[in-house]
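>>> 3D, please:
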Amino acid sequence: MTDERARHPFRAMLPAHIRSNEYEAPAEVLWKLTRDDARGFATAYFATLAAVLVFIA
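Numbers count the residues shown, from 1 in each chain. Presented below is the predicted three-dimensional model:
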């Protein structure tokens, strides 16, 4: 009842039609930083900095 090609117990239990929708993209596309990535990082950085400064003060 399991698919050994799934390589993980949870993925092996999933139906085949769900596993077949895997995203296959080249590594260059997956590792490219976008403007949204930079904005998310900056937002998280400054929010954490503000929280630490409020905690210290």
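
>>> ok, V29 - how many residues close by?
7 (other C-beta atoms under 10 Å). All C-beta spots, glycine's among them, are computed from the backbone N, C-alpha and C.

>>> Mind telling me what element it is part of?
helix 27-30 (DSSP states H and E).

>>> per-residue pLDDT, the most centrally placed residue in the chain?
The centroid of the chain falls nearest to L30 when counting by C-alpha atoms, centre = their mean (10.6 Å). We have a pLDDT of 74 for L30.

>>> now it: how far from A44?
Between L30 and A44 the distance is 20 Å, computed by C-beta to C-beta, to the nearest Å.

>>> Any stretches of this protein with poor pLDDT?
1-6, 21-23 (pLDDT under 70).

>>> Can I get the top helix by length along it as PDB, trimmed to CA atoms?
If you go by DSSP state H, the chain has its longest helix at helix 35-56. The C-alpha trace of helix 35-56 is given here as PDB (Å, rounded to 0.1, in the frame of the first residue of the first chain):
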ATOM      1  CA  ARG A  35      12.300  41.700  -3.800                       C
ATOM      2  CA  ASP A  36       9.700  40.000  -1.600                       C
ATOM      3  CA  ASP A  37      12.400  37.800  -0.100                       C
ATOM      4  CA  ALA A  38      14.500  40.900   0.800                       C
ATOM      5  CA  ARG A  39      11.400  42.800   2.200                       C
ATOM      6  CA  GLY A  40      10.400  39.800   4.300                       C
ATOM      7  CA  PHE A  41      13.900  39.400   5.700                       C
ATOM      8  CA  ALA A  42      14.100  43.100   6.500                       C
ATOM      9  CA  THR A  43      10.700  43.100   8.100                       C
ATOM     10  CA  ALA A  44      11.600  40.200  10.300                       C
ATOM     11  CA  TYR A  45      15.000  41.600  11.200                       C
ATOM     12  CA  PHE A  46      13.700  45.000  12.300                       C
ATOM     13  CA  ALA A  47      10.700  43.500  14.100                       C
ATOM     14  CA  THR A  48      13.000  41.200  16.100                       C
ATOM     15  CA  LEU A  49      15.400  44.100  16.800                       C
ATOM     16  CA  ALA A  50      12.500  46.300  18.000                       C
ATOM     17  CA  ALA A  51      11.200  43.400  20.300                       C
ATOM     18  CA  VAL A  52      14.700  42.900  21.800                       C
ATOM     19  CA  LEU A  53      15.100  46.700  22.400                       C
ATOM     20  CA  VAL A  54      11.700  46.800  24.100                       C
ATOM     21  CA  PHE A  55      12.600  43.800  26.200                       C
ATOM     22  CA  ILE A  56      16.000  45.400  27.300                       C
END
